[in-house]
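Asker: got a predicted structure plus its sequence, pasted below:
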Amino acid sequence: MAYSDEHKAKFENLMNSLESQQRVQLKRKANGGNSILFAYNPLEENQYLSKAKETLESSNFKIIDISQLLIKFIDLDGWNEFESYYKDFSDTPHLLFRSEDEATDLMDLIIQEIKMADDDNLIPILIRTGTLYGTGIENVNIMEHKDVMKLNNPLVIFYPARVEDDNLYFLNFKPASRYRCTVIE
């Protein structure tokens, strides 16, 4: 599918939302949150990611690929250990991927990357968020994280989802939260 006027308009809406004079309004619309969900049809993800990498200057943005962080997380203990943990926690994946203990998990890696981008005065952009399906990490867990709420720059989440009647469906089927964010549809 070719890059369309609809795609272009979404990127323009995103850029307008990120302008410094719009950031106070962003927090108002997002119930005090500091995040933007950039929603798009999952079937068009490669187009959107390609355009994002082409359009969003590295001097202002840091693209954080969740799929690469998942690989890094698995590599921390190795595949065999991960497979064993995953089987043990298959009914409660949040205990593996976003636990409250001191061991580094996927959620910790995501938040570390977001904070590093903000420390470098870059706008963090999460991509390949479909990777989070089945981990117990929801968009709202990231958006309501205390460190994300305190960022100097808003967090942008590229979000493969369908928007229908003011409802958001992650990966086109899983109901998702719009709380604490502004949605670019």
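Answerer: Great, that's in hand. Residues are numbered from 1 along each chain as shown.
Asker: partner residues bridging residue 37?
Answerer: residue 157, residue 183 (DSSP bridges).
Asker: pull the number of nearby residues for it.
Answerer: Other residues within reach of residue 37, judged by other CB atoms under 10 Å, total 28. Backbone N, C-alpha and C define where each C-beta goes, glycine included.
Asker: wait, doesn't it sit right on residue 138?
Answerer: No: counting by CB atoms under 8 Å, residue 37 does not reach residue 138; the two are 11.8 Å apart.
Asker: so what's the residue nearest the centre of the chain up against?
Answerer: The centroid of the chain falls nearest to residue 157 when counting by CA atoms, centre = their mean (3.4 Å). Contact partners of residue 157, counting by CB atoms under 8 Å, 6 or more residues apart in numbering, are 35-38, 125-126, 129, 139, 142-143, 181.
Asker: redo that, cut-off 7 Å
Answerer: For residue 157, the contacting residues are 35-38, 126, 129, 139, by CB atoms under 7 Å, 6 or more residues apart in numbering.
Asker: what about the strands in the protein?
Answerer: With DSSP state E as the criterion, the chain has strands at 35-40, 61-65, 123-127, 155-164, 167-170, 174-176, 181-184.
Asker: quick one: mean pLDDT for the longest one?
Answerer: Read it as strand 155-164. For strand 155-164, mean pLDDT rounds to 94.
Asker: give the buried residues for it.
Answerer: Using 16 or more other CB atoms under 10 Å as the test for burial, strand 155-164 gives 155-163.
Asker: export those to CSV and tack on distance to residue 62?
Answerer: Output for those, formatted as CSV (distance: CB to CB, whole Å):
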residue, distance to residue 62
155, 11
156, 10
157, 13
158, 13
159, 17
160, 20
161, 22
162, 27
163, 26
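Asker: report the two of the residues you listed separated the most.
Answerer: 155 and 162 (21.4 Å; CB to CB).
Asker: quick one: least confident helix or strand in the protein?
Answerer: When the helices and strands of the chain are scored by mean pLDDT, DSSP states H and E, helix 23-29 comes last with a mean of 64.
Asker: and the closest residue to residue 118 other than its chain neighbours, how many neighbours?
Answerer: If the residues on either side of it in the chain are set aside, residue 118 comes closest to residue 151, at 4.7 Å by CB to CB, 6 or more residues apart in numbering. For residue 151, the count of nearby residues is 18 (other CB under 10 Å).
Asker: how close does residue 151 sit to residue 121?
Answerer: Residue 151 sits 11 Å away from residue 121, going by CB to CB, to the nearest Å.
Asker: same question for residue 99.
Answerer: 30 Å.
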